[in-house]
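> based on what follows, work out the 3D shape:
(chains A, B and C)
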Amino acid sequence: MKQFLDLEDIPDVQKLIEEAISLKKDPFEYEHLGKHKTIGMLFFNSSLRTRLSTQKAAQNLGMKTIVMNINSEGWALEFEDGSIMNTNTAEHIKEAAAVVSQFVDIIAVRAFPGLTDKEKDGQEQILKSFRKYASVPVVNMESATAHPLQALTDAITITEFQQKKRPKVVLSWAPHPKALPHAVPNSFTKMMQLIDVDFVITHPKGYELDPKITKESKIEYDQEEALKDADFVYSKNWSSYKNYGKVENTDPNWMMTLEKLGEARFMHCLPVRRNVVVADKVLDSEQSIVIQQANNRTSAAQVVLKRILENN
Amino acid sequence: MKQFLDLEDIPDVQKLIEEAISLKKDPFEYEHLGKHKTIGMLFFNSSLRTRLSTQKAAQNLGMKTIVMNINSEGWALEFEDGSIMNTNTAEHIKEAAAVVSQFVDIIAVRAFPGLTDKEKDGQEQILKSFRKYASVPVVNMESATAHPLQALTDAITITEFQQKKRPKVVLSWAPHPKALPHAVPNSFTKMMQLIDVDFVITHPKGYELDPKITKESKIEYDQEEALKDADFVYSKNWSSYKNYGKVENTDPNWMMTLEKLGEARFMHCLPVRRNVVVADKVLDSEQSIVIQQANNRTSAAQVVLKRILENN
Amino acid sequence: MKQFLDLEDIPDVQKLIEEAISLKKDPFEYEHLGKHKTIGMLFFNSSLRTRLSTQKAAQNLGMKTIVMNINSEGWALEFEDGSIMNTNTAEHIKEAAAVVSQFVDIIAVRAFPGLTDKEKDGQEQILKSFRKYASVPVVNMESATAHPLQALTDAITITEFQQKKRPKVVLSWAPHPKALPHAVPNSFTKMMQLIDVDFVITHPKGYELDPKITKESKIEYDQEEALKDADFVYSKNWSSYKNYGKVENTDPNWMMTLEKLGEARFMHCLPVRRNVVVADKVLDSEQSIVIQQANNRTSAAQVVLKRILENN
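Numbers count the residues shown, from 1 in each chain, chains lettered A, B, ... in the order given. All right, here's what the predicted structure looks like:
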């Protein structure tokens, strides 16, 4: 791979999933690949799993890691072409991306959406600017509209836990007090379209994701109907896409419970708000695989970095 | 050792002190122990010595280090069982500790007390939650009520500098403009009860530490009397324990001076407020061993991490 | 070298420049030098290039890196001798520098000026206090009045790109909305006095730099006249030195344009405000060498750290 901006950058999803799983046997097998290589991890937003798992993955591959919180440690970046920079921004992404490319071998970026301007968020200005002006491969650690490392993690996890050839996977919207991005449900939906599963999305009316993402994926507004015979249930909140970035519904009936879950495995990208998105009893049950899922963040990051280092 | 939450986790204090001192001869002798191992250092509060010395200690042992400021870089953590997380906290410690355990081999945590609720601080909720939900060893880098790495450092320093078999050690309260935690005096007192010293605590009336900590240790309210023939004087401020977290006394007569110090060595955990806690003349004299004491922070951290890596 | 506080610490500028350039052929050739050595990088201010390039340089030399944001992660430091520390500062530089020296082998410091008190900034209190109280070599990552790593970078870049024996180099003041320090123009001027170039400074009247810095260097108030036949043009804003720290002029006619640049190469230390300091057309042209210049930050830092590690 030459970059990892989104799932389209994966040439062979099924093979990549298998390779990620096989890396777990000996995480240090490819430690030679990263000798004298450095990853620069640039954060515009908070991170726990992504921050730690990507560092761990890079270190497993023998890479050095440099982590930077752009907003608090660096300079406010400008992304608009042709702007007269006489106000708040101190450095243009053209220089920043080109310069950082000379100090590191891979640039990883996390930059959330503003959730106020649908069109602007959809343009993925920060991620795409890094790609455009960086001279080294760029990895998406969650952007305005996509979180492909999480989606790869999710596919690895489903592959490890599935007990039938074509499991039923349900993405079930959940309530949340704050407006959350669409990156995780977007990338999860795209990934489910790429692997062999029976995929259903359920959410309140009005909470439809971008139709360019959901495409032909089944949407079932009746949560109970959607969850029937599910093998994996992925709970996740997102804010309205139509009424962009708004919290229109906080109906606690959409919270996931053991009763609703049935025999399914429970998944979530974390962090998760207990007893809002999902009941304690689910998370504390054997059916929850959120911890194993989070563990696969390392495997996903490691297989992506490995492929980039190998340039294949 | 399987963890280092408090001094009770040390099976053999005297042997550990000697081992720490012997590590100084060749700090890299055990570099093989940490190969492919990572320590995750999680900070809820400021740190200079602990941050740097623990990184240095881990690197001496060949470990990789991942450092994270939880509040500014991660998610606000929830510690209450059963809470409905619909306000400020975004992730429960149950998930956070379990997840981080999968990315690192040892978790080290620094979390100060709020100093407003004695009972809550005494429960050591943050440290104990990490211990409860982490699947890897947890190291205390200063918690609400204990700073055992500092106390081990202090014992190493006294052992190195003592000139008689049973030196007299005085913990002498000092004034300070802000309310400070009890972690350092608590752990120092407990350590002095474990090694062969003549130990006296002196402070204004009303500044008694938790009696479950001080136990049979001698308390002498007359500072001059307490300091008589001292070999080591450890100055330290703490806020009132009885009138919990309050600054009840700022009497500058409790500041340590050369006159009061006599022939004793001067110790402090640092950072120290000059000419408030202790006079310049003391810190700038040959009798002050605060710099050598701080240097032992590396030795203390290193011997603890070594024992945990060896699991003995 | 025993330290790198300013350009005076370089015993042999020309040789150091050549050595820096030769390091590029195999950046890892001296990886053995830094084995078991650690650099502690202490930031009082924002940084992108310095932060990343110094880490990269240290890692190229096999060193471990520990990075710390003093203000947000550590304790507020006191720099005044004899002060009674009963207000905001929690730790004196005497202790901080001495203690940090025990955990790392080289201390690198970045500390900008306040730009309100000319005399105080001129005393370089933070940098000089570290030098005074540290027991290991100190490296200046930009101080109140000097940025010698940048100046060394600039000399390396001019050496690489010069096409005649004695090129004409122009330091051309540029407008900027905020009051900026004098560190970069100061150190650039001093460096140009040390290498074989025809050096001219141009700026509006009243923007004279410290005459103890500019010495005999030519000052030409007519920008057009100054730029005539230039081989290298270095644009840079600085606030008034006479009317200390004030923005007295924001005349956009001082912005660098392609027309003004003529056949010269364009240089800037970055970050740079586009279309305020310099026009897009300059930065986006082949004549701009700011990215190559920034790349030399690694070479400059690496040759300095190498010399310090070699102690020669």
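
> contacts only, for the closest residue to chain C within chain A.
Nearest to chain C in chain A, going by C-beta to the nearest C-beta, is residue A:91, at a distance of 3.3 Å. Where C-beta positions appear, they are placed from N, C-alpha and C, glycine not excepted. Residue A:91 makes contacts with A:74-78, C:48, C:270-272, as judged by C-beta atoms under 8 Å, 6 or more residues apart in numbering or on different chains.

> of the residues you listed, closest to residue C:255?
Distance ranking of the contacts of residue A:91 against residue C:255, using C-beta to C-beta, places residue C:272 first at 11.0 Å.

> so residue A:207 is in which element?
Assigned by DSSP states H and E, residue A:207 belongs to no helix or strand.

> what's around it, how many residues?
The tally of other residues near residue A:207 (other C-beta atoms under 10 Å in any protein chain shown) stands at 22.

> surely it is in contact with residue A:240?
Yes - between residue A:207 and residue A:240 a contact is recorded at 6.0 Å, counting by C-beta atoms under 8 Å.

> identify the contacts common to the two.
With C-beta under 8 Å, 6+ apart, residue A:207 and residue A:240 have common neighbours residue A:248.

> ok, the residue nearest to residue A:205 when sequence neighbours are not counted - contacts?
With sequence-adjacent residues excluded and distances taken as C-beta to C-beta, 6 or more residues apart in numbering or on different chains, residue A:205 is closest to residue A:221, at 5.6 Å. For residue A:221, the contact set (C-beta under 8 Å, 6+ apart) comprises A:202-205.

> related to what we said a few turns ago, sitting in strands, which of the contacts of residue A:91 do you find?
Using DSSP state E, the members of the contacts of residue A:91 that fall within strands are A:77-78.

> flag every residue of chain A that's near chain B.
When proximity is defined by C-beta under 8 Å from any C-beta of the partner chain, chain A lies next to chain B at A:28, A:43, A:46-49, A:51-53, A:55-56, A:59, A:69, A:72, A:177, A:270-276, A:280, A:283-284, A:290-291, A:294-295, A:298.

> filter those residues to the buried ones?
Among the residues of chain A next to chain B, those classed as buried by 16 or more other C-beta atoms under 10 Å in any protein chain shown are A:43, A:46-49, A:51-53, A:55-56, A:59, A:69, A:270-276, A:280, A:283, A:290-291, A:294-295, A:298.

> now the closest residue to residue A:281 other than its chain neighbours: how far from chain B?
Excluding its sequence neighbours, the residue lying closest to residue A:281 (C-beta to C-beta, 6+ apart) is residue A:258, at 4.9 Å. To chain B, residue A:258 is 15 Å away according to C-beta to the nearest C-beta, to the nearest Å.

> thinking again about what came up before, ok, and of the residues of chain A next to chain B, which contact chain C?
Filtering those for proximity to chain C by C-beta under 8 Å from any C-beta leaves residue A:72.

> quick one: residues contacting the one residue in the stretch 151-300 of chain A that gets nearest to chain B.
The stretch 151-300 of chain A approaches chain B most closely through residue A:271 (3.3 Å), counting by C-beta to the nearest C-beta. By C-beta under 8 Å, 6+ apart, the contact set of residue A:271 is A:48, B:75, B:90-91, B:95-96.

> can you list those in JSON lines and add pLDDT and distance to residue A:3?
Shown next, in JSON lines, are the contacts of residue A:271 (pLDDT from 0 to 100; distance: C-beta to C-beta, whole Å):
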{"residue": "A:48", "pLDDT": "96", "distance to residue A:3": "24"}
{"residue": "B:75", "pLDDT": "94", "distance to residue A:3": "28"}
{"residue": "B:90", "pLDDT": "96", "distance to residue A:3": "30"}
{"residue": "B:91", "pLDDT": "97", "distance to residue A:3": "30"}
{"residue": "B:95", "pLDDT": "97", "distance to residue A:3": "31"}
{"residue": "B:96", "pLDDT": "97", "distance to residue A:3": "31"}
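
> what is the nearest of these to residue A:171?
The nearest member of these to residue A:171, counting by C-beta to C-beta, is residue B:95 at 19.6 Å.

> mind checking the SS state of the closest one?
Secondary structure, DSSP: H, G, I helix; E, B strand; the rest coil: residue B:95 is helix.

> can you pull the contacts of it?
So residue B:95 contacts A:270-272, A:283, A:290-291, A:294 (C-beta under 8 Å, 6+ apart).

> so which of the residues you listed belong to helices?
Residues of those located in helices (DSSP state H): A:283, A:290-291, A:294.

> identify the farthest-apart pair in those.
Taking C-beta to C-beta, the two most distant members of these are A:283 and A:294; they sit 12.2 Å apart.

> how long is stretch A:267-279 end to end?
One end of stretch A:267-279 sits 13 Å from the other (C-alpha to C-alpha, to the nearest Å).

> go on, stretch A:63-72?
The straight-line separation of the ends of stretch A:63-72 (C-alpha to C-alpha) is 25 Å.

> near chain C, which residues of the stretch 51-200 of chain A? Just list them.
Near chain C, when you scan the stretch 51-200 of chain A using C-beta under 8 Å from any C-beta, you find A:64, A:66, A:68, A:72-75, A:78, A:82-87, A:89-92, A:94-96, A:98-100, A:102-104.

> ok, back up a step: per-residue confidence at the residue of the stretch 151-300 of chain A closest to chain B?
On pLDDT, residue A:271 comes in at 97.

> what's opposite the closest residue to it other than its chain neighbours in the beta bridge?
Leaving aside its sequence neighbours, residue A:271 sits nearest to residue B:91 (C-beta to C-beta, 6+ apart; 3.3 Å). Beta-bridge partners recorded for residue B:91 (DSSP bridges): residue B:77.

> circling back to that earlier point, would you list the phi and psi of the residue nearest to residue A:281?
Per-residue torsions, residue A:258: phi -60, psi -40 (degrees, to the nearest 10).

> and it, how far is that from residue A:282?
6 Å (C-beta to C-beta, to the nearest Å).

> which one of those two has more residues nearby?
residue A:282 (26 against 16).

> could I get the full set of helices for chain A?
Assigned by DSSP H, chain A shows helices spanning A:13-23, A:49-60, A:70-73, A:93-103, A:118-122, A:125-133, A:148-161, A:183-192, A:211-214, A:223-227, A:258-261, A:280-283, A:290-310.

> lovely, talk soon.
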